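A.B. asks: model this:
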Amino acid sequence: MKRAMVIAVVLGMSAAAYAADAPSWARVYYDAPAAMERDVLLTGMDVASGGEGYVDVVASAGELGRLQDLGYRIEIIAENAFENILALPPDMGLYHTYAEMLTELQQRESAYPNICKLYDVGDTWENREMWEKMEPFNRVENITTPTLILCGEKDWNVPVINSEQLYMALKRLGRTTELVVYPGEFHGIRTPSYIKDKYTRYLDWFAKYVKGRGTETEE
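C.D. replies: From the prediction side, this is the model:
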């Protein structure tokens, strides 16, 4: 529960509201792969893994309800995905413990010593100097490149407040920046119209600030 309460504070919402809105781990069974890709992958949910005739997803109640309306059979693996990650079945291929994650990272470091190096920076209260050194906001004045910031409203991996703080800091410094928040989206943008909007903004931004051509619709 501590982790959920921390996230709730960061997002500026109560723990009860966080729990009520938190997505679930669910297994979606399908018959036609092509239909599954259309209906499942583009509904806004994140696909964690899959097997013969099913995919395991992280999805809100509304997203799962839309699939049920389309005739898919849904099996809830664990409600409140972020509090119950240890309840997931082993075949999902996700980390179950910190030790498992650390073991895999150590294997990567051993296999690629020239490009991988692990550092244990400890907790913020135990190693304040290192954390302050790593904090990007302490060097935000060095950002001069025009910066486009896009994020999902319900992104729990990288909460939207981080994007808002960066945007406000750049605006106060007089830098060229733009913030776009996609309503109802999580860490991955899945709604087709939002995906189109995202890539359109990418291309317009590159055309204006990298190629110097400007765009049809100026800011």
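
A.B. asks: contacts, neighbours, all on C-alpha from now
C.D. replies: Will do.

A.B. asks: residue 64 reaches residue 74, doesn't it?
C.D. replies: Yes: if you go by CA atoms under 8 Å, residue 64 and residue 74 touch, sitting 7.4 Å apart.

A.B. asks: tell me which of those two has more neighbours.
C.D. replies: residue 64 (26 against 17; other CA atoms under 10 Å).

A.B. asks: A helix includes the more buried one, no?
C.D. replies: Yes: assessed with DSSP: H, G, I helix; E, B strand; the rest coil, residue 64 lies in a helix.

A.B. asks: let me see the contact set for it.
C.D. replies: residue 74 (CA atoms under 8 Å, 6 or more residues apart in numbering).

A.B. asks: show me the strands in this protein, by range?
C.D. replies: 24-29, 46-51, 54-59, 73-78, 147-152, 177-182 (DSSP state E).

A.B. asks: out of these, the one nearest residue 110 is which?
C.D. replies: Nearest to residue 110 among the strands of the chain is strand 46-51 (26.5 Å), distances taken as CA to CA.

A.B. asks: can you give me the neighbour number for residue 146?
C.D. replies: Neighbours of residue 146 using other CA under 10 Å come to 16.

A.B. asks: name the nearest residue to it, sequence neighbours excluded.
C.D. replies: residue 176 (4.8 Å; CA to CA, 6 or more residues apart in numbering).

A.B. asks: the one you found contacts residue 143, correct?
C.D. replies: No: between residue 176 and residue 143 there is no contact under CA under 8 Å: 10.0 Å.

A.B. asks: joint contacts of these two?
C.D. replies: residue 170.
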